[in-house]
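Asker: using only what follows, build the 3D model:
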Amino acid sequence: MSADGRTVLAGGRVVTPDGTVDDGTVVLDRDRIDAVDSATPGTVDVDTTGRVVLPGIVDLHGDDVERHLFPRADDRVPPERAVQICDQANIAAGVTTKCHALAFENAPDENRSLALTETVADAVTDFRDSGRALTDHRLHLRCELTSTESIGAVCDRLHEDPVALASLVTHVPGEGQFDSAEAYADRYGGSEAVSGDRMTELVRQRRAVPDRTVRARARRVLERATRQQVPIAAHDSADPDTVRQQADAGVSICEFPVDLAAALTANDVGMTTAMGAPNLVRGESIWDNLSTHRAIQSGTVDVLCSDFRPQSLLKSVFVETGEPLADRVARVTAGPADAIGLDDRGRLAPGARADLLVVDPSPEPRVVRAFVGGREVYRAAPAESATRGT
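Answerer: Purely as a prediction, here's the structure:
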């Protein structure tokens, strides 16, 4: 950054909302983008030759902080430390706006509990406000509708905290993503991680909640979220009728639809459809649900989320889908930003927030430099090219 607060990046392939500009230039003026064009400026602060320049990634659903909390089953990291490690990992992956998908539920493996989630949510907000964060951290509240305690905790958070997104989750064995109690048990690491008695009791409790109760709880969360102007997603929608009911109730995001019929219906009723980037990179769903690639070919995917693997978001941009690069970039930048009302970011355009990545595209895409709000917060280069672009 120069003394007047301006930074000029030039020479690389710049991805704009309308396409790409070879040998493009992006000018940052403090925390905003001042200009994007193909003109060659007199002074270049960052040489991006051979690189791809794109907006910072916006992750609507990332629960990877859990991996940092529990690097191994018998090892727990303090939440404040886990959030900081997660921050570093995400900026290296190109995520400049992170919505932590925190599960408000009591789970049988003890790695998810309402008490722990409350503590992690506090750690996220404290770290966000500390001035030490490299990326912009926000809360995504995942509300398990089969749990009365979850409803109360999420509604309290909606009232008290700035929240980016809330999602309605109904993890009932035998429905949606988990088509059997055995599949549900596998989510928690199998019989060695969770005793049979505990799993049996959880299955019994969740199956005992009537549909009318689930719907009433969903309305309560929707009403509170609407008052606070927080968008709502529905998780693992399994059929067209359910999607239509959710849209009529005010749900605006269909998150991880289980099959193509659900995704197509979400598209028809005007919902934003979000799928998993790991699914696209891997080539299939680990749960034998809808393939992200197939959903993209059907024209139904607006947003890609990291789920548990933030590195998959940048990689997904370079997975060949037959579409222009700008369209693939939009799914991890402008698409998610627009879905939650963050219209100040996600695109390289004059006036937008200066969240920007410089990416080395091959042999595997990696972030070389990252700017958040116009400030360079990350730089990586091999020793032999450490002076490049300075």
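Asker: ok, Ala352 to Gly374 distance?
Answerer: The gap separating Ala352 from Gly374 is 11 Å, by C-beta to C-beta, to the nearest Å. Bear in mind the C-beta positions are built from the backbone N, C-alpha and C, glycine included.
Asker: joint contacts of these two?
Answerer: Here Ala352 and Gly374 have Arg32 as joint contacts, going by C-beta atoms under 8 Å, 6 or more residues apart in numbering.
Asker: give me the pLDDT for Thr40.
Answerer: Residue-level confidence at Thr40 comes out at 71, pLDDT.
Asker: pretty sure it sits against Ala10.
Answerer: Yes. Between Thr40 and Ala10 there is a contact at 6.8 Å, judged by C-beta atoms under 8 Å.
Asker: specify the residue positioned farthest from the middle of the protein.
Answerer: Most distant residue from the mean C-alpha position of the chain: Gly42, 38.0 Å away (C-alpha atoms, centre = their mean).
Asker: what's that residue in contact with, if anything?
Answerer: When the contact criterion is C-beta under 8 Å, 6+ apart, Gly42 has no partners at all.
Asker: recalculate using a threshold of 10 Å.
Answerer: Contacts here follow C-beta atoms under 10 Å, 6 or more residues apart in numbering; on that basis Gly42 touches Val8.
Asker: would you check how far apart it and Val21 are?
Answerer: 19 Å.
Asker: for Ala234, same thing?
Answerer: 38 Å.
Asker: who's more crowded, those two?
Answerer: A side-by-side neighbour count of Ala234 and Val21, using other C-beta atoms under 10 Å, places Ala234 first with 26 against 18.
Asker: surely the more buried one meets Val258?
Answerer: No. Under the criterion of C-beta atoms under 10 Å, Ala234 lies out of contact with Val258, with a separation of 11.2 Å.
Asker: show me which positions of stretch 307-326 end up buried.
Answerer: Applying a neighbour-count criterion of 16 or more other C-beta atoms under 10 Å, the buried positions in stretch 307-326 are 307-319, 325-326.
Asker: may I have it exported as CSV, CA atoms only?
Answerer: Taking Å, rounded to 0.1, in the frame of the first residue of the first chain, the C-alpha atoms of stretch 307-326 are listed here in CSV:
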residue,chain,number,x,y,z
ASP,A,307,-19.2,-27.7,4.8
PHE,A,308,-16.2,-29.1,6.6
ARG,A,309,-13.3,-28.4,4.1
PRO,A,310,-12.6,-24.7,3.3
GLN,A,311,-9.8,-25.6,0.9
SER,A,312,-12.5,-27.1,-1.4
LEU,A,313,-14.0,-23.7,-2.2
LEU,A,314,-10.9,-22.4,-4.1
LYS,A,315,-10.4,-25.8,-5.8
SER,A,316,-14.0,-25.8,-6.9
VAL,A,317,-13.4,-22.7,-9.0
PHE,A,318,-11.0,-24.7,-11.1
VAL,A,319,-13.1,-27.8,-11.5
GLU,A,320,-14.2,-27.9,-15.2
THR,A,321,-18.0,-27.7,-15.5
GLY,A,322,-18.2,-26.3,-19.0
GLU,A,323,-19.0,-22.8,-17.7
PRO,A,324,-17.0,-19.6,-17.9
LEU,A,325,-14.6,-19.0,-15.0
ALA,A,326,-16.5,-15.9,-13.9
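Asker: that one - what's its average pLDDT?
Answerer: Here the mean pLDDT over stretch 307-326 is 98, rounded to a whole number.
Asker: with stretch 256-267 instead?
Answerer: Confidence over stretch 256-267 (mean pLDDT, whole number) is 97.
Asker: quick one: buried residues of that stretch?
Answerer: Those would be 256-258, 260-267, for stretch 256-267 by 16+ other C-beta under 10 Å.
Asker: Throw those into JSON lines and include distance to Gly152 and secondary structure, thanks.
Answerer: Listed next are these as JSON lines, based on distance: C-beta to C-beta, whole Å; DSSP: H, G, I helix; E, B strand; the rest coil:
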{"residue": "Phe256", "distance to Gly152": "25", "secondary structure": "coil"}
{"residue": "Pro257", "distance to Gly152": "28", "secondary structure": "coil"}
{"residue": "Val258", "distance to Gly152": "28", "secondary structure": "coil"}
{"residue": "Leu260", "distance to Gly152": "36", "secondary structure": "helix"}
{"residue": "Ala261", "distance to Gly152": "34", "secondary structure": "helix"}
{"residue": "Ala262", "distance to Gly152": "29", "secondary structure": "helix"}
{"residue": "Ala263", "distance to Gly152": "32", "secondary structure": "helix"}
{"residue": "Leu264", "distance to Gly152": "35", "secondary structure": "helix"}
{"residue": "Thr265", "distance to Gly152": "31", "secondary structure": "helix"}
{"residue": "Ala266", "distance to Gly152": "29", "secondary structure": "helix"}
{"residue": "Asn267", "distance to Gly152": "34", "secondary structure": "helix"}
